[in-house]
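Chemist: Kindly return the folded structure for what I paste below:
(chains A and B)
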Amino acid sequence: MPSVQATPAAVETIERLRRRHDSIVLHQSGGCCDGSDAMCLLAHELPPGPGDLELGEVAGVPFLIDAEQYERWGRPDFILDVAPGAPGGFSLEGSEGVRFVSRSPKENQ
Amino acid sequence: MSTIEKPRTYAAPGTAESVVAVEDRYENFIGGEWVPPTSGAYRENVSPATGEPFTSVPEAAAADIELALDAAHAAKDAWGAASPGERAAVLDAMADAVEENLEMLAIAESWENGKPVRETLAADVPLVVDHLRYFAGAVRAEEGRISEIDGQTVAYHFNEPLGVVGQIIPFNFPLLMAAWKIAPALAAGNCTVVKPASPTPWSILKFCEVIADAVPPGVINVVNGPGAEIGRALASNKRIAKIAFTGETVTGRLIMQYAAQNIIPSTTELGGKSPNVFFEDVMAADDEFFDKAIEGFVLYAFNKGEVCTCPSRALIQESIYEEFMERALERVGAIVQGHPLDPATMMGPQVSRAQLEKIESYVQIGRDEGAEVLAGGDRPDGLPIEIEGGFYFEPTVLKGTNDMRVFQEEIFGPVVSVTTFRDEAEALAIANDTLYGLGAGVWTRDGSRAFRMGRGIKAGRVWTNCYHQYPAHAAFGGYKISGVGRENHRMMLDHYSQTKCLLVSYDKNPMGFF
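Modeler: Down below sits the predicted model:
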């Protein structure tokens, strides 16, 4: 089973964002006010750094996490979902009226 | 004869009995004026106390950031040329205006963020006043340095303003974090464009109303809107000379990336997972100090845990664990949760539904990985009907081990993860076993141990026999991935200044090379 999956609603949002912005990327964040969720950014804005790990792709978009953070979180699997409301940081999905949420697979059972 | 009356809950802002007036909608604060967003778009702003909208704020676009930058650039030469005494007088006038409106701003801050009014009255707003006065004083005491290179050559070093800076404020202390950033920037002679956090766009506009007459137009500009649009437009803008940011790690990296592309400095504060370490000697006597230590444990619930330095990992020496936790859980059980405008309330709602859901999800992750729930763990039952729609979560205590995700990731809610240690070496190892390094607490009656631990913990602020104090003149900032820079101290003036070196020769003779 892939480490990252997406709900149909998240896939739909990603597809809309791809049509608008072309090349996008998802960075799983950590820490502080808006942490713990995936941030959707333009791919050229924050290219993968030496410490980034690509966990997989959702709807053709790479899902990255800081490798050390991934280890410390116990190598979790993620299910990318959306919920109503404003996203944190500079994440691009706000214009869709939703925000990405990184859920744990157990939570959805 | 005296009677004791329970203080009444403050009336909600915008109602006839409230000291806080609320307009139907607000504009951006640009060049000292209230300027509608070019997009013509607004969005509803919700109070987390009730979950109901109470006003509207601009949903600004990149063009509004350009307007704010125009205003700031128009103001920067005169402001940068103002003497330190003149700038200090403006900061003092701002402080006086805030102090005169302290109760009004405290109620507004509580209503918008959900933090209890007893905190905003006693901490947030008084600290805004204090930081403004501190930097007013600090800039007057600044002096450049002179280096005597040789008998006839002198290097004079002047502090010069950077110009126009961008500042992005988090939602957890909307007024205080704004003051932490605005005060040193202005003191050092810069003009600023401020982007408040999306969940808390309004209280800072009340602040702008209060200080508008004290500050020259264009020196402070505030634009509200989505981070993806205006945060990005501000942080990546060629017309800013510095960017300051408090928030999570990915946006922090992005900010630093923009700064690298524009070759400007940045300061970032990116959260923490702060250890709060209790050695067995805190229980050597059942006295005021032990009582203070128990309060120190419960301070994880301060500002409903939405604090970058939340003491969210409690490390208790195993020899006192049972007795200590009995007292600590008793004190957690005494936390009064409810309407943030009730002066008796100790813990209000989380800032947003998103935040509430994230906290719930983390408590579930903790349960799934085997953490034991010692207190709380759910949304509270039996809230009064008028706040039923608010974003409340119980003060929660989890027990587990430091390798669990609830010990490693910042939950940003009223959740403390508790574990034990055998001895000082293990306490230090667990304290440092984290990616973050913002805050820490050490509790002991042994001064030597306190010193060793304080120096050993890799964090920018180690509270020793205290916690959650944020006085001006005590440097605050992170080690490791908790960010770069130090706020709250006059050293922040350096982060907002250029150094100009005039290298002057008093020698009449040529060098003799040509």
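Chemist: got the contact list for the most centrally placed residue in chain A?
Modeler: Closest residue to the average C-alpha location of chain A: residue A:38 at 3.2 Å, with CA atoms, centre = their mean. If you count contacts by CB atoms under 8 Å, 6 or more residues apart in numbering or on different chains, residue A:38 has them with A:26, A:27, A:28, A:29, A:63, A:78, A:80, A:91, A:100, A:102. C-betas here are computed from N, CA, C, even on glycine.
Chemist: Not counting sequence-adjacent ones, nearest residue to the closest residue to chain A within the stretch 301-450 of chain B?
Modeler: Going by CB to the nearest CB, chain A is nearest to residue B:408 of the stretch 301-450 of chain B, at 4.4 Å. Leaving aside its sequence neighbours, residue B:408 sits nearest to residue A:72 (CB to CB, 6 or more residues apart in numbering or on different chains; 4.4 Å).
Chemist: Bridge partners for the residue nearest to the centre of chain A, pull those for me.
Modeler: residue A:28 (DSSP bridges).
Chemist: and if you look at residue A:58?
Modeler: With DSSP bridges as the rule, residue A:58 is bridged to residue A:61.
Chemist: try residue B:52
Modeler: Counting by DSSP bridges, residue B:52 forms beta bridges with residue B:47.
Chemist: tell me the mean pLDDT for stretch B:205-219?
Modeler: Mean pLDDT, stretch B:205-219: 98.
Chemist: Pull out the buried residues from it.
Modeler: Buried residues in stretch B:205-219, counted by 16 or more other CB atoms under 10 Å in any protein chain shown: B:205, B:206, B:207, B:208, B:209, B:210, B:211, B:212, B:214, B:215, B:218, B:219.
Chemist: Show me what it is in contact with.
Modeler: Outside stretch B:205-219, the residues touching it (CB under 8 Å, 6+ apart) are B:20, B:26, B:29-33, B:57, B:71-72, B:74-76, B:78-79, B:90, B:93-94, B:96-98, B:100-101, B:104-105, B:108, B:128, B:175, B:178, B:186, B:191-192, B:220, B:222, B:224.
Chemist: residue in the stretch 1-150 of chain B nearest to chain A?
Modeler: For the stretch 1-150 of chain B, CB to the nearest CB, closest residue to chain A: residue B:43, 8.3 Å.
Chemist: tell me what the helix ranked longest in chain A is packed against?
Modeler: The longest helix of chain A (DSSP state H) is helix A:8-21. If you count contacts as 3 or more CB pairs under 8 Å, 6 or more residues apart in numbering or on different chains; DSSP states H and E, helix A:8-21 packs onto strand A:24-28, strand A:38-42, strand A:52-58, strand A:78-84, strand A:98-103.
Chemist: Provide a list of residues in contact with residue 46.
Modeler: Unless you meant another one, I'm taking chain A. By CB under 8 Å, 6+ apart, the neighbours of residue A:46 are A:25, A:27, B:250, B:253, B:254, B:257.
Chemist: let's do chain B instead
Modeler: B:52, B:53, B:54, B:352.
Chemist: What separation do you get for it and residue A:94?
Modeler: 16 Å (CB to CB, to the nearest Å).
Chemist: Please apply the same query to residue B:225.
Modeler: Counting by CB to CB - residue B:225 and residue A:94 are separated by 10 Å.
Chemist: Ok, residue A:28 next?
Modeler: 18 Å.
Chemist: Quick check on these two: which one has the bigger neighbour count.
Modeler: In terms of neighbours (other CB atoms under 10 Å in any protein chain shown), residue A:28 is the more surrounded of residue A:28 and residue A:94; the figures are 27 against 22.
Chemist: Relative to chain A, which of the buried residues of stretch B:205-219 is nearest.
Modeler: So of the buried residues of stretch B:205-219, ranked by how close each gets to chain A (CB to the nearest CB), first place is residue B:205, at 17.5 Å.
Chemist: right, and the helix or strand after whichever strand or helix holds the closest one?
Modeler: Using DSSP states H and E, residue B:205 falls within helix B:203-211. Downstream of helix B:203-211, the next assigned helix or strand under DSSP H and E is strand B:220-222.
Chemist: What helices and strands are in contact with that following strand?
Modeler: Counting contacts by 3+ CB pairs under 8 Å, 6+ apart, strand B:220-222 packs against strand B:28-30, helix B:62-81, strand B:191-195, helix B:203-211.
Chemist: relative to strand B:191-195, how tilted is the last one?
Modeler: Interaxial angle, helix B:203-211 versus strand B:191-195 (axes from the mean of the first three to the mean of the last three CA atoms, to 10 degrees): 150 degrees.
Chemist: what do you get for the longest one?
Modeler: For helix B:62-81 against strand B:191-195, the angle by the same axes, to 10 degrees is 150 degrees.
Chemist: does helix B:62-81 come close to chain A?
Modeler: No. Counting by CB under 8 Å from any CB of the partner chain, chain A is not contacted by helix B:62-81; separation bottoms out at 12.2 Å.
Chemist: Now do the buried residues in the next helix or strand along the chain from that helix.
Modeler: Remark: after helix B:62-81, the chain's next helix or strand is helix B:84-100, criterion DSSP H and E. By 16+ other CB under 10 Å, the buried positions in helix B:84-100 come out as B:84, B:87, B:88, B:90, B:91, B:92, B:93, B:94, B:95, B:97, B:98, B:99.
Chemist: again, but for stretch B:151-161
Modeler: B:159, B:161.
Chemist: Surely residue B:452 is in a helix?
Modeler: Yes. According to DSSP: H, G, I helix; E, B strand; the rest coil, residue B:452 belongs to a helix.
Chemist: what's near enough to touch the residue nearest to it when sequence neighbours are not counted?
Modeler: Leaving aside its chain neighbours, residue B:452 sits nearest to residue B:424 (7.3 Å; criterion: CB to CB, 6+ apart). Contact partners of residue B:424, counting by CB under 8 Å, 6+ apart, are B:279, B:449, B:452, B:453.
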